[in-house]
Structures are given as C-alpha cells and as structure tokens.
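Undergrad: can't give you the sequence, but here's the structure:
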Ligand SMILES: O=C(O)CCC(=O)C(=O)O
Ligand SMILES: [Fe+2]
C-alpha cells in the first residue's frame, strides 16, 4: 500500500460504527508516516479564525512595537522572536505562549513549586490586542482536545483501550505561532527549495498544528526518506506523532518527521500545540508494546526534557548575543541584515 498523509474525518473515525478501511488508513499512516490531517474535528471555525485574526494583527505591528513583546528574561520559548539565518536574513518569526502566564498562575493551577519555576519566564501579551490572551487560550485548549481524541483513536486502531496513552488533565503543553516570510533573495536557483524550518520530529507525544496561507510549505517524510507536501485544507488540523509516542509504543508508531520550505513570494503561518503528559511522567514503553528483554528506548522524564530544553536549544542554535541575553536575564532581539 502506498503511504500518504491521509485526511481523516475524526468524528466518523471515533464513532462506534467506523468503517474498518478508515481505521486501517489511520493505522497505516501512524505506523509509517506519523502525520494525519483531521477534518470534522469538532473545533469551531470561529475559534480558529478569532485567534488567527488577533495574532495576525500583532504580527502586522511595526517591528519597533513587536520588539517590546520579546521575553523580558530572554527565554527563547516566550514572547515574540525573529530567527535570522547565518546571513541575517529573516527565516521565521515566532510568538511563543507558555502554558501559564507566570509562576503564580502555575502554582494556583496545582503545579509543584519546582515545576511552577518554569513559568517565572512570563508570557508577554500585547497591550494593543487585549483580546489575544483569551482567544489564544481558547484555541490552545480546543487543539489540546483534538490531540487527546487523536490519541484515543490511535489506541483504538491498534486494538487497545482508548485511554492507553496517558495524557490527562495534568498534561504539559507548549504553544507557538510560526510566521514565515517571503523568500525572494537571489542566489538560490529555486526559491521554493529554501528550507525555512529544518527537518525534525517534535519531542511531544503529539503536536496539533493548523496552517494558514496559500502554499503547501509543510512537508512530511515518507518511510523511504522522500518528502510529501501537506496540502492546505481550510479548517483542517494536522496531528504529528512526537518522539514520546514512539517511545510509549516501542517504536511501533513512527514520529512524524517534517520540515518547512519557502513559498518564494508567499508568506505562510502555522500554529502548533505540543502535547506532553504531565511533568511528573516518565515515558517508557507501555506494557502492550514493551519488549523488556531488548528495549531500544531509554525512559524520558517529561520534567527533565522540559527543564533542559532552553539550554539544549541554545547550545545547538543560540547566537552569542542571544546566549548572553539569556544568561543576563534580559530581552534578546535578533539583528537582521538590511
Ligand atoms: O510551520 C509548520 O507547519 C511546522 C512548524 C513546526 O514544525 C514546529 O513548530 O515544530
Ligand atoms: Fe515541528
């Protein structure tokens, strides 16, 4: 069977009389590619649109205004940030939103003081867009619900109880908006071959993504290594399996490897909610999948992964002035070439 990234009606697939061939299509996709597009997923279009319109107004602000939305402590996963390439050309602009606005909010939500410390790096909300916070959290929560239903479906297509993958109300989530610029610089023969986001698999259990724009810049990798574009279907949500899901299933479910290529003269936006089990969880192969004699998977502590990710990111990608800003706990705004 040729493997594709299928478009699946989530409600139909979760219904009691879901056709076997629909379930088989999901099973093939998650075993071989790790990416599924869902329609009829239950998230009202209005929730999606209100969030995108609001965040779109923020991204359209003058750069001098957006600079004020950089993380006050230089945290790479909070607030507004631009990513230049090695030549100072803008590749990606991001708005990162933490699960809680502050350590106080995290404590109030029941996190331990140690875990709440992650949120001493506060969220930054633009004063000119007072509705963004509520629209963003409503949208994030709706996408989280889709991620949980996708996990229930994945368990079902494997013949297992729907609560097999333990992502509960204590889940740890992160949330990002990616805005990709046009890419019309000379020097590459094909603009569309400029990679704006390098090939990777997410470190989550699952990631729920939404893409806006006119070109299919997102690509998923097939088992033979080739790349397939993920077409933009208005209103659809994409679910990527992450490395934690691969670990839980002892590799039976493949993490969805993906990347983003430029559309040349067209901008593109995506938003992603990364879903992990609770910070107390240690992820290791679950009994239905585990091979205790010979496991290829080391246990992963969600807390260690979450608390190390800034250092690990900066070690690989950090620019010297960015690392310095983080060490000093002050905002970082990347220099762009003129
Ligand atoms: O922009 C996209 O479609 C993908 C974004 C992504 O892979 C990520 O933020 O991890
Ligand atoms: Fe990703």
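TA: Sure thing, it's come through. Because the structure is a prediction, the values reported are computed rather than measured. Ligands and ions are numbered 1, 2, ... in the order given.

Undergrad: Close to ligand 1: what parts of the protein are there?
TA: 176, 178, 197, 202, 209, 211, 218, 258, 260, 270, 272 (Cβ under 6 Å from any ligand atom). Bear in mind the C-beta positions are built from the backbone N, C-alpha and C, glycine included.

Undergrad: Distance check, residue 78 against residue 279.
TA: 17 Å (Cβ to Cβ, to the nearest Å).

Undergrad: ok, how many other residues are close to residue 274?
TA: 23 (other Cβ atoms under 10 Å).

Undergrad: That one against residue 244, yeah?
TA: No. Contact status for residue 274 versus residue 244: not in contact, 10.0 Å apart, counting by Cβ atoms under 8 Å.

Undergrad: got any residues that touch both of these two?
TA: Both residue 274 and residue 244 are contacted by 203-204, under the criterion Cβ atoms under 8 Å, 6 or more residues apart in numbering.

Undergrad: wait, residue 178 sits on residue 269?
TA: Yes. Judged on Cβ under 8 Å, residue 178 makes contact with residue 269 at a distance of 6.7 Å.

Undergrad: ok, the two, which is more surrounded?
TA: Counted by other Cβ under 10 Å, residue 178 and residue 269 do not tie: residue 178 has more neighbours, with 21 against 17.

Undergrad: Using the three-state scheme, assign that one.
TA: strand (DSSP: H, G, I helix; E, B strand; the rest coil).

Undergrad: what's the nearest residue to it if we skip its chain neighbours?
TA: residue 270 (4.7 Å; Cβ to Cβ, 6 or more residues apart in numbering).

Undergrad: so that neighbour sits right up against residue 207, yeah?
TA: No. At 10.5 Å, residue 270 does not count as touching residue 207 under the criterion of Cβ under 8 Å.

Undergrad: Show me the residue sitting in the middle of the protein in space.
TA: residue 272 (3.7 Å; Cα atoms, centre = their mean).

Undergrad: With adjacent residues omitted, what lies nearest to that one?
TA: Closest to residue 272 by Cβ to Cβ, 6+ apart is residue 209, at 4.5 Å.

Undergrad: Surely the one you found is within a strand?
TA: Yes. With three-state DSSP as the criterion, residue 209 is located in a strand.

Undergrad: Kindly provide the distance from the closest residue to residue 161 other than its chain neighbours to residue 23.
TA: Once flanking residues are discounted, residue 161 sits nearest to residue 155: 6.3 Å by Cβ to Cβ, 6+ apart. Residue 155 sits 11 Å away from residue 23, going by Cβ to Cβ.

Undergrad: Residues in a beta bridge with residue 227, which ones?
TA: Beta-bridge pairing of residue 227 under DSSP bridges involves residue 221.

Undergrad: Residue 97 touches residue 139, doesn't it?
TA: No. With contact defined as Cβ under 8 Å, residue 97 does not reach residue 139; the gap is 9.9 Å.

Undergrad: Farthest from the middle of the protein: give me that residue.
TA: Max distance from the centre of the chain (Cα atoms, centre = their mean): residue 293, 33.3 Å.

Undergrad: Contact partners for it?
TA: Contacts of residue 293 (Cβ under 8 Å, 6+ apart): none.

Undergrad: picking up where we left off before, could you give the separation of the host helix or strand of the residue nearest to the centre of the chain from the chain centroid?
TA: Per DSSP states H and E: residue 272 is located in strand 268-276. With Cα atoms, centre = their mean, to the nearest Å as the basis, strand 268-276 stands 4 Å off its chain's centre.

Undergrad: contact partners of the helix or strand following that strand?
TA: With elements assigned by DSSP H and E, the helix or strand that comes after strand 268-276 is strand 282-283. Contacts to strand 282-283, defined as Cβ under 8 Å, 6+ apart, come from residues 205, 244, 247-248, 277, 299-302.

Undergrad: The same query, at a cut-off of 7 Å, please.
TA: 244, 247-248, 277, 299-302 (Cβ atoms under 7 Å, 6 or more residues apart in numbering).

Undergrad: again, but for stretch 63-80
TA: So stretch 63-80 is in contact with 81, 95-96, 98, 121-124, 126, 174, 310, 313-314, 325-326, 329-333, going by Cβ under 7 Å, 6+ apart.

Undergrad: List only those of the residues you listed flagged as buried.
TA: Buried by 16 or more other Cβ atoms under 10 Å: 81, 95-96, 98, 121-124, 126, 174, 310, 314, 325-326, 331-333, out of those.
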